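1. Next one to model:
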Amino acid sequence: MFWLEIGLLILGIFLLNLLMNFILRKLLKIEKEKKDFFSSDYVNERHGAIDKWLRRLWLLLSSIAIYLVFIQAFPVLLYLMLFVVLMASDAFVRAYFEWKHSNQPKLAILTLSELVVWTSAVTFVIYFDVFNLLTLV
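-> As a prediction, the model looks like this:
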């Protein structure tokens, strides 16, 4: 039942993102770009280098946080807060490069709207303790 709840929450967030992107694309008249599902499409080479650096940092910090949460019994809140910070840094870097160095600067608005949805969802999970993660010892 626990995994079903997580799956439904992720599906709901994904659908909310799709709806918001659809509405913003229509309002702002942004053309949809053809992308692969799990592609790393960069605006330019500098963006790619910074994004790869951020992903390595994410891997290192996540490994440390997972060790602290599972081995040292730190609260799960530590990992969730780290997730929000790293997700925000990734989105801000992407939005900056889309805004300053892309042929469609309005794409930055879509990136920031996705950040708002995901950050709100994680904040919702933390604040309301949806999966009783904060009460686990």
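2. Every contact and neighbour count from this point should use C-alpha atoms.
-> Fine.
3. Now name the helix or strand holding the residue nearest to Phe74 when sequence neighbours are not counted.
-> Once flanking residues are discounted, Phe74 sits nearest to Leu68: 5.6 Å by Cα to Cα, 6 or more residues apart in numbering. Assigned by DSSP states H and E, Leu68 falls within helix 45-70.
4. Now do that helix: which elements does it pack against?
-> helix 76-101 (3 or more Cα pairs under 8 Å, 6 or more residues apart in numbering; DSSP states H and E).
5. quick revisit: tell me which residues of the helix holding Leu68 come out buried.
-> Within helix 45-70, the residues that count as buried by 16 or more other Cα atoms under 10 Å are His47, Asp51, Leu54, Trp58, Leu61, Ser62, Ala65, Ile66, Leu68, Val69.
6. Test my guess that the third one contacts Asp90.
-> Yes - at 7.0 Å, Leu54 and Asp90 qualify as touching, with contact defined as Cα atoms under 8 Å.
7. hang on, the earlier thing: want to try TSV for the buried residues of helix 45-70, with distance to Ala121 as columns?
-> Shown next, in TSV, are the buried residues of helix 45-70 (distance: Cα to Cα, whole Å):
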residue	distance to Ala121
His47	27
Asp51	23
Leu54	22
Trp58	20
Leu61	21
Ser62	19
Ala65	20
Ile66	21
Leu68	24
Val69	21
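8. Right, I'll leave it there.
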